[in-house]
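Student: test case, fold it:
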Amino acid sequence: MSGGGNKVAKGGMSPKLASDVVEPAVLKRYKADSKNLQQELNDLLAGPQEIENEVEQLRKQLPAVDLAIQKLDDTQPSHRHAYSPA
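Tutor: Residues are numbered from 1 along each chain as shown. Below is the predicted model of the structure:
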């Protein structure tokens with residue numbers, strides 16, 4: 001065997017199994033916590049998706065807004081040259 005040493009390690013792995021008993025009140029609390037955390041996670045994941053959808057809608061509107069601005073610039077006389085800040 002490798003590892004050396006003069007002492008034999010004893011008791012490293014117990015042949016006894018740990019108890020699987022969970023109190024009903026604890027189990028109920030765990031289920032409620034799990035449900036609340038799942039809802040919180042869903043809410044957090046929905047936030048960025050809503051923002052992405054809104055950004056996509058605004059990007060689709062951008063060409064129409066640019067065209068409207070261009071039309072306004074073409075129809076309005078330019079007073080930019082007459083104004084100079086003091």
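Student: just want the most central residue of this structure.
Tutor: Leu45 (4.7 Å; CA atoms, centre = their mean).
Student: name the element that residue belongs to?
Tutor: Here Leu45, judged by DSSP states H and E, is contained in helix 24-75.
Student: so for that helix, mean pLDDT?
Tutor: What helix 24-75 shows for mean pLDDT is 92.
Student: now do that helix: distance to the chain's middle.
Tutor: 10 Å (CA atoms, centre = their mean, to the nearest Å).
Student: burial count for Gly72?
Tutor: That one is not Gly; residue 72 is Leu. For Leu72, the neighbour count with other CB atoms under 10 Å is 9. The way it works is simple: take the backbone N, C-alpha and C, and place the C-beta from them, glycine included.
Student: with Asp73 instead?
Tutor: Residues near Asp73, counting by other CB under 10 Å, number 9.
Student: likewise for the one 3 residues further on?
Tutor: Counted with other CB under 10 Å, the burial measure for Gln76 works out to 8 neighbours.
Student: from Asn6, how far off is it?
Tutor: In this structure, Gln76 and Asn6 are 96 Å apart, going by CB to CB, to the nearest Å.
Student: what's the answer for Leu41, then?
Tutor: Taken as CB to CB, the span from Leu41 to Asn6 is 53 Å.
Student: repeat that for Lys71.
Tutor: Lys71 is 93 Å from Asn6, by CB to CB.
Student: for the residue lying farthest from the centre of the chain, helix, strand, or coil?
Tutor: Of all residues in the chain, Asn6 has its C-alpha farthest from the mean position, at 54.1 Å, by CA atoms, centre = their mean. Secondary structure of Asn6, reduced to three states by DSSP: H, G, I helix; E, B strand; the rest coil: coil.
Student: now do the one 4 residues further on
Tutor: In the three-state summary, Lys10 is assigned as coil, counting by three-state DSSP.
Student: so who does it touch?
Tutor: Shown in contact with Lys10 (CB atoms under 8 Å, 6 or more residues apart in numbering): no residues.
Student: from Gln39, how far out is it?
Tutor: Distance of Lys10 to Gln39, given as CB to CB: 49 Å.
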